[in-house]
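Student: Need a 3D model of the sequence below.
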Amino acid sequence: MSILIGLFRGGNFKGIATLKLKGGWIFPVLLLVQWIFFLLQDRIAFLANISNVTFIIVYIVGLTFIWLNRHYPGMKTIFAGVLLNFIVIAL
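Tutor: Below is the predicted model:
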C-alpha cells in the first residue's frame with residue numbers, strides 16, 4: 001500500500017539505487033537467515049530448537065542496521081515500527 005501511495009504522489013524507485021546504507025549487506029543476510037529457518041525448521045530439529053532465539057537475534061541486528069542509517073528520511077519511523085513489533089514478538 002505504501003508503495004502505491006508513493007507512486008501516486010509522484011515518487012519513483014530511483015532514490016533506492018542511490019542510497020549509501022551503512023552495513024547494506026546486513027539486511028539481505030538477515031532475510032536469508034529468516035528464510036532458511038522458515039523453510040527448514042520443520043525438518044531439522046536443531047533449527048526448530050534455536051529458531052526463537054535466532055529470530056530475536058535477527059531483530060536485534062536488524063534494529064542496529066536501521067539505527068546506523070537513521071539519518072535517512074523515514075528511518076526513525078521504520079525503527080520505531082520494527083522496535084514495537086520486536087517487543088510484541090519477544091514477549
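
Student: max-length helix in the protein?
Tutor: Looking across the chain with DSSP state H, the single longest helix is helix 45-68.

Student: list the buried ones in stretch 38-53?
Tutor: Neighbour counts over stretch 38-53 (16 or more other C-beta atoms under 10 Å) mark Q41, L47, S51 as buried. For glycine as for every other residue, the C-beta is placed from the backbone atoms N, C-alpha and C.

Student: quick check, nearest of the residues you listed to G74?
Tutor: Distance to G74, by C-beta to C-beta, is smallest for S51 among the buried residues of stretch 38-53, at 30.1 Å.

Student: ok, the closest one - contacts?
Tutor: By C-beta atoms under 8 Å, 6 or more residues apart in numbering, the contact set of S51 is F37, Q41.

Student: roughly how far apart are it and G24?
Tutor: 26 Å (C-beta to C-beta, to the nearest Å).

Student: got it, and W35?
Tutor: For W35 relative to G24 (C-beta to C-beta), the value is 18 Å.

Student: Same check on I56?
Tutor: Distance, I56 to G24, by C-beta to C-beta: 23 Å.

Student: Near F55, how many other residues are there?
Tutor: Residues lying near F55 (other C-beta atoms under 10 Å) number 17.
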